[in-house]
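Visitor: The following block contains a protein sequence and its predicted model.
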Amino acid sequence: MSRSVASKRAIARDDIRAVEAYAAERTTLRRDLVQKKKLRRLEVGPVATFYFENYETMWHQIHEMLYIEKGGEEQIADELAAYNPLIPQGRELVATVMFEIDDPKRRAAFLSKLGGVEETMFIEVAGEKIMSKPEADVDRTTADGKASSVQFVHFPMNEAAATAFKTPGTRSILGIDHVDYGHMVVIPEPIRAALAKDLD
């Protein structure tokens, strides 16, 4: 997928391939995407992983859903509506955040204390802290304070922060500042460089 395509802001119906055409290239496409995703994945603390999305990751996700479920034209519309909001719209990063705990009981206990975590994630760049904005599709914290194990968040940057983040060598930090889960990590330079392209 070309650089110009990878930086597009939305997936249109015309961008969707027939299931048969996608299936013919699926192995190669998935192999290429795995390599690219290595520069879009970052662990924060022992159980949280950020997967930064863009046009390309969402294009593949939609095609995978269509390949697996084979729901036809109606499914295409549903998948476009579900995944287009996770494509960065310029001067923002967008991430799927997963809290990954294998044991069901331990996972339930952990998530029961994590209410509101979707509003405590941040990127710090050039001394400025950019707080997460949860995707507005559904409430990811229940009324009794239990968080979902999967969160979708946006990091909207002003021009100064975006310019700093795109500058090679800029020290940037990704973190979660929740009372029951406080962790942060310096974003490695190869990952910063890959994510900076989302801000163009």
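Guide: Received the coordinates, thanks. Nothing here was measured: the structure is a model prediction, and the numbers come from that model. Residues are numbered from 1 along each chain as shown.

Visitor: Need the contact partners of the lengthiest helix in the chain.
Guide: In the chain, taking DSSP state H as the definition, the longest helix is helix 19-37. Contacts of helix 19-37 with the rest of the structure, by CB atoms under 8 Å, 6 or more residues apart in numbering, involve Tyr51, Glu56, Thr57, His60, His63, Leu66, Tyr67, Lys70, Ala194. Placement of C-beta: from N, CA and C, glycine included.

Visitor: Which of these fall within strands?
Guide: Tyr51 (DSSP state E).

Visitor: Alpha carbons only: can I get stretch 33-52 in PDB?
Guide: Below are the C-alpha coordinates for stretch 33-52, written out as PDB (Å, rounded to 0.1, in the frame of the first residue of the first chain):
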ATOM      1  CA  LEU A  33       1.100  -5.800   7.800                       C
ATOM      2  CA  VAL A  34       2.600  -7.800  10.700                       C
ATOM      3  CA  GLN A  35       6.000  -6.100  10.000                       C
ATOM      4  CA  LYS A  36       4.400  -2.600   9.900                       C
ATOM      5  CA  LYS A  37       2.400  -3.200  13.100                       C
ATOM      6  CA  LYS A  38       5.600  -3.900  15.000                       C
ATOM      7  CA  LEU A  39       6.200  -0.100  14.800                       C
ATOM      8  CA  ARG A  40       2.700   0.600  15.900                       C
ATOM      9  CA  ARG A  41       2.500  -1.500  19.000                       C
ATOM     10  CA  LEU A  42       3.700  -0.400  22.500                       C
ATOM     11  CA  GLU A  43       3.300  -2.000  25.900                       C
ATOM     12  CA  VAL A  44       2.600   0.200  28.900                       C
ATOM     13  CA  GLY A  45       3.000  -1.600  32.200                       C
ATOM     14  CA  PRO A  46       2.400  -5.400  32.600                       C
ATOM     15  CA  VAL A  47      -1.000  -5.800  30.900                       C
ATOM     16  CA  ALA A  48      -1.800  -2.800  28.700                       C
ATOM     17  CA  THR A  49      -0.900  -2.700  25.000                       C
ATOM     18  CA  PHE A  50      -1.500   0.200  22.700                       C
ATOM     19  CA  TYR A  51      -2.100  -0.600  19.000                       C
ATOM     20  CA  PHE A  52      -1.900   2.600  17.000                       C
END
